[in-house]
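**Q** One predicted model, sequence on top.
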Amino acid sequence: MVLLLFVFQNIINPCIAQAPETRINIQLLGPEQGLPSRNTRSLAQDGRGFMWVGTGQDLWRYDGYTFQNFTGMLTRSIGGSTLINQMRTDPVGNIWLAHNNGVSIVDPVNLTCITVDPSRSVKGVDSKQNLDIFFDKNHNAWVAISAGRLVKIDKNLVPAAVYTPPASPQHTLSAESQVSRLFSDGKRNVYAYTGGNYLDVISEKANFVRRINLLGTEHSGWHLQVASVVQSGTDEITVYYQQSGSKQGRMRKYFFAKQTFGSVMDADAPIIPDLIYHDSKAHVWYNSKKEVGFLNKKTGEFTALTTRLRQKSGASIFFFATFLSTDDSFWISCVDGLFKITLTEEVFRKYLSVPLEKPGDIGSSIRGITEDSTGKIWVCSYGFHADSMVYMFHQIDPVKAKARHMILHRPKTIPGDHVIPYKVLFAKDQVYAVTDGTQFIKIKPETEEYYPVEFPFVSGRGFTSFYKLSDHSFWMGTWGGMAMIDTRDLKPVLFNDKAGRYIKNERVNHFTPWTDNRTLVSTTNGLYILNQDATIHEHYGQASTDKIKLPALQIFHSVWYNNALWAGSTQGLIRIDTTLKKARLFTTEDGLPDNNIYASLPDERGNLWLSTNKGLSRFNTYTQKFYNYGISDGLPHTEFNHGSYLKSKDGTLYFGGLNGIVAFDPARLDTSAQKDRGLQLISYSKFNASQNKTDTVTNHPSGSQIIFSPGDRLFAFSFMSPDYHNTALNRFRYRLDGWDDDGWHMFENGNKLLLNSLPPGTYNLRVQVSVAGADWGVQEWQTPVKVVAPWYKSPWFFVLSTLAIGFLIYLFYRYRLGQVLQIQRIRNDISADMHDEIGSTLSSITFYSQALLMQMDKAEHQQVVQKIKENAQQVQEGLSDIVWSVKAGSDEIQDVLARMFHFGSGLAESKGITFHFETDKQLERIKLDMQTRKNFYLIFKEAINNAAKYAGCTTLHVNINYENGRVIMVIKDNGKGFNPANARQGNGLANMHQRATQMKGKLTIQSREMSGTEVSLAF
């Protein structure tokens, strides 16, 4: 094969696979992280996992996210400020502070502080200055003071005795001397080291027992001096020596029980340590005042860190204190800040990656990754810089750790530019590729030449995937469908142009071999099963006809594994049971670092390896647990690319992203390690609306109830986990039992849970943490939460309010009923008075006028009396209408309609006019107030009178309907009509418009000469 003839070139180191090694992460904490002073003098970790830091006179607590000042708690206990000399953790997790005013003990759970002043309780203690603290196996505290003395404080915090070392010519102590080490043996005896060559044995009552010469009786002629003493076992210590004129340290052990020394040998590390720490990952940490490093017990390799720390701080360093926290983080306090050092084992080999200055930077973005028959890896990139050139086509030999970089170009006889290959496939001894465009190319790797086949049109921006059907036939996915090419004739086919059931106008992302010689295709519209001719056999999606409904449609990748179909989508990982026709979606709520899943490659141990926009994730298909990997685990970048993945024939997995490729053999990874750290509440706060302020509580014990008052809102809870390796990767989720939705929900604000408000009730708040990419921890933080209902929402208030409202409604009803009855009585009285008094008088005038007419002979006299009679009759008629409108009991519209019909029919009959009167049944339930009733009737009456007197009509139609909540009356005659523009506006028409306005209605009059008149009223 031609592929075997290639000559590989080792062009630049970053492209070569790097062997797994220990990754050292160093962070310098200072003012940028909230610590006001860089001069950190002491540090310790309490029983809850918080780190405590002393900066001269200030006391701070660090939770991995922020520094919180607790100096006030200390000064309140002392009665003033002081200088903190040392900080230690006692066996039960309390923090002890040795300072210039005594010893203070901080309870980290209740956040209380008490101070003990040994100078007030024990004779022989003449100084308030306490320099250091030690604890023996009986949980007694021994406080170092000046001149090598120790004050014993028992478990009841009572200063019980003072140890004063005896003076001797061989062991002289100055006022500045202090005990720097305190050891215990298996019998719980105490040993004090003050420097020099001697170790003092102290009794339980703080009395001197004997002195041990650490040089031994055979020290003469060695030219050695004791440099350091550390406890190296339950019943032994290691003594380090410095030999005159030699940089090589010496060491030997001293056994307490036998009171004998071991043999002298070379020191086990280049650093002569003041302290030695053993972590849980087989690393031994050594530190002196100016040097630090660690020994890998698995490899025997020692790594010095002093130079790196100096480079980080920019100056020489003096270490005041060191501490190995429970998560194996190594802490150093110095004048330049607080150092945090974490170690992780590299599990990934890297290709084509370069160091990045900032997290947001990118290197060479990787596209397609393919393996040829010889096991070499072919890679397409968006530009890898090497040897002052930019390469986009690469071949990697993973066995020899060498790479060849190529720039493809056309033969000189074929004009054209360089291309960007997207993905490579092989057919026998031929190399083919699709480009990041619309070309299908044949490549000659030995000359780096390519021969293009231009597709007539590819929907969107070009190709997205590539699939080999046979040695000569290929399918290609595009941004808008599918294409095919046969290498025997190199004639492209676009399925969008073919009639039939093909994938059209949808982005095709991935092809997977399926049963019955079919192919499973991942698209932006779910999954398609295609026949051999590319026609659609079946579809999984969200349509009503789909047999399997998917929770997400935009699918990047799919694979059959462990008796299920797995699909990576833009919304998470989907497990599809093709037998039961069911699908389940896994998201960040379940442990994913990100819901964009570009690939899901299986290993041989039940895991799927997922590439996302926030790192890699290992998903165990049996336990359905996630474990996530990020920058701190050795990834060159956390954002990966679609189409950039490969599982090679030897089981190695390759993933390409924005800074090269990571490769690893899953079978060689230790996946048994579990990160299950504790979880602690930092604080919770609430906004007190009644006092317009925020209340914060920092000492709430887990499990005790939290009570919120009715006016409280804007609740905020802050949490931490005592794993400081990479707190940026720590994720938290919560569940509020008793809430309408009691499922698990991710924190949206890092380590802070924000709740706007909670309705009254009792809940149980549960919180879990995923530490640095691990699965959700088994340990939960939980506490009951009670939200007190306001007094106006209590049951008794509801009952009383209901009774009070009912009583008020009854009183109001009685009052309104009385008013209505009173008004009706007044209306009836007015109606009766008008009818009896005025009506009878008008009747008399009419009667007497008629009598006079019968007795008068002169015509002019008769005309006057006739006019009096007619006016009296008109007033009597109008008075009848007024009496009717005022009289109570006629508010129903049916009463108005009856009076209208009576008036209209009578007038029409007297004039020989045919009268039609029609009403709507929906009007039966309508009531009219007095004013509306009067105006409604009088408008009707005026319109009927006008029609009868002036229109000369023979037919008169009245229609009254109820439409869209309004009463509509239409009066139409077939009379002679009139021209509204020329009509004289008399009192009748003006009164009609005025009455319509009072009703808040609309009056319309339409008429034409010889075409009749139509009067419409809507109210």
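**A** Right, received. Where do you want to start?
**Q** Quick one: low-confidence residue ranges for the stretch 701-850 of the chain.
**A** 793-794, 820-850 (pLDDT under 70).
**Q** if you go through it in chain order, where are the strands?
**A** 706-708, 712-720, 731-737, 745-746, 752-755, 761-770, 781-787 (DSSP state E, counting those that start in this stretch).
**Q** Distance check, the residue most central in space within the chain against Gly481.
**A** By Cα atoms, centre = their mean, the chain has its centre lying nearest to Glu748, at 2.4 Å. Glu748 sits 38 Å away from Gly481, taking Cβ to Cβ, to the nearest Å as the criterion. For every residue, glycine as well, the C-beta is placed using N, CA and C.
**Q** try Thr40
**A** For Thr40, the distance to Gly481 - Cβ to Cβ - is 63 Å.
**Q** so where does Ser232 fall, helix or strand?
**A** strand 224-233 (DSSP states H and E).
**Q** which neighbours does that strand have in its sheet, and in what orientation?
**A** strand 236-243 (antiparallel) (DSSP bridges).
**Q** How far away from the center of its chain is the partner strand?
**A** 54 Å (Cα atoms, centre = their mean, to the nearest Å).
**Q** before we move on, what about stretch 599-611?
**A** On Cα atoms, centre = their mean, the centre of stretch 599-611 falls 26 Å from the chain's centre.
**Q** Kindly check the end-to-end length of that stretch for me.
**A** 5 Å (Cα to Cα, to the nearest Å).
**Q** do you know how far Phe455 is from Gly1001?
**A** The value you get for Phe455 to Gly1001, if Cβ to Cβ is used, is 73 Å.
**Q** again, but for Ile212
**A** For Ile212, the distance to Gly1001 - Cβ to Cβ - is 116 Å.
**Q** Same check on His278?
**A** His278 is 96 Å from Gly1001, by Cβ to Cβ.
**Q** And these two? Which one has more around it.
**A** Neighbours were counted for His278 and for Gly1001 using other Cβ atoms under 10 Å; Gly1001 has more, 20 against 14.
**Q** is it true that Gln242 touches Gln225?
**A** Yes: at 5.7 Å, Gln242 counts as touching Gln225 under the criterion of Cβ atoms under 8 Å.
**Q** Neighbour count: these two, which is higher?
**A** A direct count of neighbours by other Cβ under 10 Å for Gln242 and Gln225 places Gln242 higher, at 17 against 14.
**Q** and the more buried one, what does it touch?
**A** Leu224, Gln225, Ala227, Gly249, Arg250, Ile272 (Cβ atoms under 8 Å, 6 or more residues apart in numbering).
**Q** can you pull up the bridge partners for the fifth one?
**A** Beta-bridge pairing for Arg250 (DSSP bridges): Tyr241, Asp266.
**Q** Distance-wise, check it relative to Thr783.
**A** Counting by Cβ to Cβ - Arg250 and Thr783 are separated by 56 Å.
**Q** what's the neighbour count on Glu892?
**A** Using other Cβ under 10 Å, Glu892 has 16 other residues around it.
**Q** Could you verify my assumption that it touches Arg933?
**A** No: Glu892 is beyond contact range of Arg933, at 9.4 Å (criterion: Cβ under 8 Å).
**Q** Kindly list the main-chain dihedrals of Pro666?
**A** phi -60, psi -30 (degrees, to the nearest 10).
**Q** what stretches of the stretch 351-500 of the chain score poorly on pLDDT?
**A** 457-461.
**Q** Let me know whether Gly634 touches Phe348 as I believe.
**A** Yes: Gly634 lies in contact with Phe348 (Cβ under 8 Å); the separation is 4.8 Å.
**Q** Check the contact lists of those two and give me the overlap.
**A** With Cβ under 8 Å, 6+ apart, Gly634 and Phe348 have common neighbours Val662.
**Q** Chain neighbours aside, what residue packs nearest to His278?
**A** Spatial nearest neighbour of His278, excluding adjacent residues (Cβ to Cβ, 6 or more residues apart in numbering): Val284 at 5.6 Å.
**Q** And Ala789, by the same measure?
**A** Per Cβ to Cβ, 6+ apart, closest to Ala789 is Pro760, 3.5 Å.
**Q** From His557, how far off is the one you found?
**A** Distance from Pro760 to His557, by Cβ to Cβ: 48 Å.
**Q** Looking only at neighbour counts, state which of those two leads.
**A** Each of Pro760 and His557 has its neighbours counted (other Cβ under 10 Å); His557 has more, 23 against 13.
**Q** Settle this for me: that one is touching Leu520, isn't it.
**A** No: between His557 and Leu520 there is no contact under Cβ under 8 Å: 10.6 Å.
**Q** who's in contact with Ile574?
**A** Leu550, Pro551, Ala552, Ile555, Trp566, Ala567, Gly568, Ala583, Arg584, Leu585, Phe586.
**Q** from the middle of its chain, how far away would the strand or helix carrying it be?
**A** Using DSSP H and E, Ile574 falls within strand 572-577. In terms of Cα atoms, centre = their mean, the centre of strand 572-577 is found 22 Å from the chain centre.
**Q** Given that strand, what are its sheet partners and their directions?
**A** strand 564-569 (antiparallel), strand 582-586 (antiparallel).
**Q** Show me what counts as buried in that strand.
**A** Gly572, Leu573, Ile574, Arg575, Ile576 (16 or more other Cβ atoms under 10 Å).
**Q** can you check stretch 778-793 too?
**A** Neighbour-count burial for stretch 778-793 flags Trp781, Gln782, Thr783, Val785, Val787, Val788 (criterion: 16+ other Cβ under 10 Å).
**Q** Not counting sequence-adjacent ones, nearest residue to Thr1013?
**A** Ser1007 (4.0 Å).
**Q** pLDDT score for the one you found?
**A** Among the per-residue scores, Ser1007 holds a pLDDT of 87.
**Q** Enumerate every residue touching it.
**A** Gly977, Phe978, Asn979, Pro980, Thr1013, Glu1014.
**Q** could you say which helix or strand contains the last one?
**A** In this structure, Glu1014 sits in strand 1013-1018 according to DSSP H and E.
**Q** Can you tell me what sits against that strand?
**A** 936, 939, 943, 946-947, 951, 966-973, 975, 977-978, 992, 996, 1001-1007.
**Q** on that earlier part again, include distance to Val122 when you put the buried residues of stretch 778-793 into TSV, please.
**A** Shown next, in TSV, are the buried residues of stretch 778-793 (distance: Cβ to Cβ, whole Å):
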residue	distance to Val122
Trp781	42
Gln782	45
Thr783	43
Val785	48
Val787	52
Val788	51
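**Q** wait, isn't the residue nearest to the centre of the chain in contact with Leu754?
**A** Yes: between Glu748 and Leu754 there is a contact under Cβ under 8 Å: 7.3 Å.
**Q** of all the strands paired with strand 572-577, which lies closest to Asp546?
**A** strand 582-586 (10.7 Å; Cβ to Cβ).
**Q** ok, then the element right after that closest one?
**A** Beyond strand 582-586 toward the C-terminal end (DSSP H and E), the next one is strand 599-602.
**Q** now for that following strand, which elements pack on it?
**A** If you count contacts as 3 or more Cβ pairs under 8 Å, 6 or more residues apart in numbering; DSSP states H and E, strand 599-602 packs onto strand 555-561, strand 564-569, strand 607-612, strand 640-647.
**Q** TSV please, covering these and showing distance to Ala160 and mean pLDDT.
**A** Shown next, in TSV, are the helices and strands packed on strand 599-602 (distance: least, Cβ to Cβ, whole Å; pLDDT from 0 to 100):
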stretch	distance to Ala160	mean pLDDT
strand 555-561	67	97
strand 564-569	66	97
strand 607-612	58	97
strand 640-647	63	95
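**Q** mind checking which of these is nearest Phe807?
**A** Closest among the helices and strands packed on strand 599-602, using Cβ to Cβ: strand 564-569, at 62.0 Å.
**Q** Next, the buried residues of the closest one.
**A** Buried residues in strand 564-569 (16+ other Cβ under 10 Å): Ala564, Leu565, Trp566, Ala567, Gly568, Ser569.
**Q** can you list contacts of it?
**A** Against strand 564-569 from outside (Cβ under 8 Å, 6+ apart): 520, 522, 527, 550, 552-560, 573-578, 595, 597-600, 608, 610, 621.
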